[in-house]
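Chemist: Give me a 3D structure for the following:
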Amino acid sequence: MYKYMAILFAFLLSFSAEANAADEKKAENFIKNVTQTGIEELINSNASEKEKQEKFTKLFNEDLDLDFIGKFVLGRYWRTATAKQRKEFIDVYRKLNIQTWSERFNEFKGKHFEFKGTEKSKSADQIFVNTQVPMQEGEPASVKWRVKDTNGKMQIVDIIIENVSLAQTARSEYTSYIQKSPNGIDGLIKDLKAKLK
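Modeler: Residues are numbered from 1 along each chain as shown. Modelled structure (predicted):
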């Protein structure tokens, strides 16, 4: 009996390891597609800034789960926000991210992402994909992508540059702002709208 249980356990471990390896490869291939045929191709093209903005908008709307990220960065205030506040926040947060990242990735013009393996996240449905970008001076820039598998669809839920999590940073800033603002969430939404060009 114990022998058969041991064989079954070993089989399940082997199956789980193979499934994890497949998930990590899927996540890595997803980020390769995002960086190589999305970001690199776009920032190195001769497209106008308006065209780049439009393409970045399409890219980010498809490949970043900004609804998921938006809920995370609003923290406990998401639960107390009204339906109208949630919609307005997600809308402005989405636009601000697209604007910020279309500008930020321009810093990598002429450069290429190098892949440095994957890591399992503490969250069962999430995987880290490690990349770096060689710079003209100093050490390569470290860029880590947190990828979430939602019903078979891979999407980015955080970007960690030089060990700084964009989602965690935004969560800290936004919750602090809401605590201090006399207008709470509405005050934050108004502030974020003002930051949009």
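
Chemist: buried sites along stretch 143-159?
Modeler: Within stretch 143-159, the residues scored as buried using 16 or more other CB atoms under 10 Å are 143-149, 154-159. (Each C-beta comes from the backbone N, C-alpha and C, glycine too.)

Chemist: For Phe128, the count of nearby residues, please.
Modeler: Look at Phe128: counted by other CB atoms under 10 Å, it has 18 neighbours.

Chemist: so what's it bridging to?
Modeler: Glu119, Arg146 (DSSP bridges).

Chemist: do Lys153 as well
Modeler: On the basis of DSSP bridges, Lys153 is bridged to Thr150.

Chemist: Mind checking what secondary structure the residue sitting nearest the centre point of the chain has?
Modeler: The chain has Asp158 as the residue nearest its centroid, 2.9 Å off, counting by CA atoms, centre = their mean. For Asp158, the assignment made with DSSP: H, G, I helix; E, B strand; the rest coil gives strand.

Chemist: hang on, it packs against Ala170?
Modeler: No. Asp158 is beyond contact range of Ala170, at 9.7 Å (criterion: CB atoms under 8 Å).

Chemist: count of residues packed around Leu66?
Modeler: 22.

Chemist: do you know how far it is from Gln136?
Modeler: Going from Leu66 to Gln136 by CB to CB, to the nearest Å gives 32 Å.

Chemist: mind checking how far the host helix or strand of Leu188 is from the chain centre?
Modeler: Taking DSSP states H and E as the criterion, Leu188 maps to helix 184-195. Mean-position distance between helix 184-195 and its chain equals 22 Å (CA atoms, centre = their mean, to the nearest Å).

Chemist: which residues sit against that helix?
Modeler: Residues from elsewhere that reach helix 184-195 (CB atoms under 8 Å, 6 or more residues apart in numbering): 74, 77, 81, 85, 88-89, 92-93, 96, 174, 177-178, 181, 183.

Chemist: Sounds good, over and out.
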